[in-house]
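Q: Need coordinates for the below:
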Amino acid sequence: MVGAFGLMGREFMNRRFGQASLIAYSSRTLPVSERLIFANFLVKDVVYYFIFYILPFIAGFAFAAAFVPSEGFHSSVTLLILLLTLSLSFMIGLSLVFFLSTIYAHSGKLLISGLLAIPIFLLFISGNLDSSSFYSLPSLSFFLFPSKNQLLLSSVLIIVSSVLSLLFLKVDFPQAEKSFPNSFSKLCGEFGSYRYAVFIAKDLLDLKKSEGGLGKLIFSFLIPAILLWMLLSALGTVLPALNTLILFSLVLGVLSSSMYYWLTEYDIFASYAFLPLKVSDIIRSKLNSYLFLNLVPLLLLVPLTFTKDPDVLLPALLLFISVSLYMVSILVYLTGLSPSLNLYNGRTFALYTLSVMPLLIVNIILSMFGSLYVLVNLLLLLLAFYLLRKSFRK
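A: A predicted model of the protein is given here:
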């Protein structure tokens, strides 16, 4: 999700200011080096995410360990090792991503070739990659079998990656000019006489031409969805009462609402002011494009459900559709055509959170009692249509 926000912010600032929008660009006007700026960014990210991600997890784990009987996790030494393990894992990931971004700044082809070669290399040296291979990761190995060697190896990975990134830092990114063939008429023809064919074609072309293009579907939706499925599958082995497919349908519906951000990212009503259209017409067209893009999560959910448990296909589809429509109706009602802007309003964000969080909590609890309990989400469809009708009149 942070990556998705980064893509949107980068494109917006580049369109408006070009490279002058980069904070690193200030090194050319102020007596401060680019390496110092990026070193401060690295330290800032470590401190920020440590406070807002790692410390809350450790605090919650320590609180739960006091009430849940679990041998070995009540020890303060174990909690300290867990804190150190999570910190090392995060800093290894951050420094490696920083290093990969430095390689990409010098040569995108080199980065892609390296990423393709790494799995082959790991497979060659290990002979077989399975779930046990992940236990050889330095930070995880340190948690399971604490030793100075594992701590030293993790520290070396962090320091070497960070130092190399700063030594070979490159701030200038070439501004490539993009050109696209005129495919608007052809795309409109694919939708036939559909009422909103022109608008859907325009939205798809805008999405294709935006930063990341159709790759947003892969990197900002499909990959997070796959990672969430892996996480929920692992959680299901620990808490068998949870229905993994039902929970995945719920999360997929929430994740799908991010597509509405993509469709309204740079679109303003002023672009349509010379046409005989109302704001409600534009919102309807965006909703049609949103429904079209929702075919992507459906193509992920249906085969997965058929493979794992065909009996929950209908409840899973119902939950996904109802949650997805409800989420987008809340966004339309509260933010209109500018969700990425209006959600920064504290009151609007609070209303959005209060409208969504109880729904998620109730569905998580209901999933423990059986998949048929999700039929209650039919009420969400009625509420979604009601909110959309009110939104069109606003």
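
Q: The longest helix along the chain packs against which elements?
A: Determined from DSSP state H, the single longest helix within the chain is helix 76-106. The contact analysis (3 or more CB pairs under 8 Å, 6 or more residues apart in numbering; DSSP states H and E) places helix 76-106 against helix 34-49, helix 55-65, helix 108-126, helix 138-144, helix 148-167. All C-beta spots, glycine's among them, are computed from the backbone N, C-alpha and C.

Q: In the fourth one, which residues are buried?
A: Of the residues in helix 138-144, those scored as buried under the neighbour-count criterion (16 or more other CB atoms under 10 Å) are 138-143.

Q: Looking at these, which is nearest residue 92?
A: Comparing the buried residues of helix 138-144 against residue 92 with CB to CB places residue 139 closest, at 6.1 Å.

Q: quick one: the longest helix of the chain to helix 148-167, angle?
A: On the basis of axes from the mean of the first three to the mean of the last three CA atoms, to 10 degrees, helix 76-106 is oriented at 30 degrees to helix 148-167.

Q: For helix 76-106, give the mean pLDDT please.
A: Averaging pLDDT along helix 76-106 yields 79.

Q: Check stretch 221-233 too.
A: On average, stretch 221-233 scores 79.

Q: Please apply the same query to stretch 35-54.
A: Mean predicted confidence for stretch 35-54 is 80.

Q: So which bits of it are buried?
A: 37-39, 42, 46, 49, 54.

Q: Just the C-alpha atoms of it, please, in PDB.
A: The C-alpha coordinates for stretch 35-54 follow below in PDB (Å, rounded to 0.1, in the frame of the first residue of the first chain):
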ATOM      1  CA  ARG A  35      24.400  11.200   0.400                       C
ATOM      2  CA  LEU A  36      23.700  13.000   3.700                       C
ATOM      3  CA  ILE A  37      20.100  13.600   2.700                       C
ATOM      4  CA  PHE A  38      19.500  10.000   1.800                       C
ATOM      5  CA  ALA A  39      21.300   8.800   5.000                       C
ATOM      6  CA  ASN A  40      18.900  10.900   7.000                       C
ATOM      7  CA  PHE A  41      16.000   9.400   5.100                       C
ATOM      8  CA  LEU A  42      17.300   5.900   5.900                       C
ATOM      9  CA  VAL A  43      17.500   6.700   9.600                       C
ATOM     10  CA  LYS A  44      14.100   8.500   9.600                       C
ATOM     11  CA  ASP A  45      12.400   5.400   8.100                       C
ATOM     12  CA  VAL A  46      14.000   3.100  10.600                       C
ATOM     13  CA  VAL A  47      12.900   5.300  13.500                       C
ATOM     14  CA  TYR A  48       9.400   6.000  12.100                       C
ATOM     15  CA  TYR A  49       8.500   2.400  11.300                       C
ATOM     16  CA  PHE A  50      10.100   1.100  14.500                       C
ATOM     17  CA  ILE A  51       7.900   3.300  16.600                       C
ATOM     18  CA  PHE A  52       4.700   2.700  14.600                       C
ATOM     19  CA  TYR A  53       5.000  -0.900  13.600                       C
ATOM     20  CA  ILE A  54       7.500  -2.900  15.600                       C
END
